[in-house]
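Colleague: got a predicted model here, sequence first, then my questions.
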Amino acid sequence: MPRRPSVRVTRLGDAGIRVLAGRGRHALTHRAVDEEADLPPGSTSYYARSREALLCLVVDRIAELDAAADPTAGDATPQPSDAVALADSLAGLVHDLLTRHAARTLARYELTLEAVHRPQLRARLDEAGVRFRDAASALLAAAGSPEPERHGRLLVAVCDGMVFDGLAGAGSVVPPSPARIRADLRDVLVGMLAGV
């Protein structure tokens, strides 16, 4: 079982998310995180000596927050069994990423761009993202997908695209409503599960 991060590491991770979301990846410095966390200078450097370590600290905090907010976690959650029910379930998650968790989502995009040139960070982000692809594949297998792994990857890509478009892309002028997200996901999922 992984060790739970200290209160101070959690505070620094949250501050890093706010810096990334509000000012972009080039503004993420040890000093900026110290200031954002309202901690003495050098606090961030104590826990993350290098920029790479600081980036990984923020990735780990995002992964922790994602896991805590995962509606599919735990055995008690009923699994949707058809395209419409699955779309209804996922629409809330997509809408939350566009609204309640927008700062975390923007921070993730900043980290993703940074990871293009940092293999260690790319590996850390990929590791954090595996659980989403696995969960999507499991949901689609339960709904009867003939190719749950492929459909799972596709579903995650579609959801990522919807979130990006609604938060930072051309669709961000008028972000999609929950009803539109639900309708779009239904179309995708009905296509995947046709004939099931």
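Modeller: Sure, I can see it.
Colleague: what's the domain layout of the protein?
Modeller: Here the domain parsing of the chain from automatic domain parsing is 1-69, 73-196.
Colleague: so Arg49: helix, strand or coil?
Modeller: coil (DSSP: H, G, I helix; E, B strand; the rest coil).
Colleague: tell me how many other residues crowd it.
Modeller: Neighbourhood size, Arg49 [other CB atoms under 10 Å]: 11. For every residue, glycine as well, the C-beta is placed using N, CA and C.
Colleague: how close does it get to Asp134?
Modeller: Distance from Arg49 to Asp134, counting by CB to CB, to the nearest Å: 32 Å.
Colleague: list the contacts of stretch 94-114.
Modeller: Residues from elsewhere that reach stretch 94-114 (CB atoms under 8 Å, 6 or more residues apart in numbering): 16-18, 20-22, 24-25, 28, 55, 58-59, 62, 65-66, 69, 121, 125, 159, 162-164, 166-168, 175-176, 178, 181, 185.
Colleague: how about a cut-off of 7 Å?
Modeller: With contacts defined as CB atoms under 7 Å, 6 or more residues apart in numbering, stretch 94-114 is touched by 17-18, 20-21, 24-25, 55, 58-59, 62, 65, 121, 125, 159, 162-163, 166-168, 175, 178, 181.
Colleague: and the closest residue to Pro41 other than its chain neighbours, what element?
Modeller: Spatial nearest neighbour of Pro41, excluding adjacent residues (CB to CB, 6 or more residues apart in numbering): Asp34 at 5.4 Å. Using DSSP states H and E, Asp34 falls within helix 30-37.
Colleague: and if you look at Leu55?
Modeller: Here Leu55 sits within helix 51-69, counting by DSSP H and E.
Colleague: give me the contacts around that helix.
Modeller: For helix 51-69, using CB under 7 Å, 6+ apart, the contacting residues are 9-10, 12-14, 16-17, 20, 28, 30, 33, 44, 47-48, 73, 104, 107-108, 111, 114, 118, 120-121, 124-125, 128.
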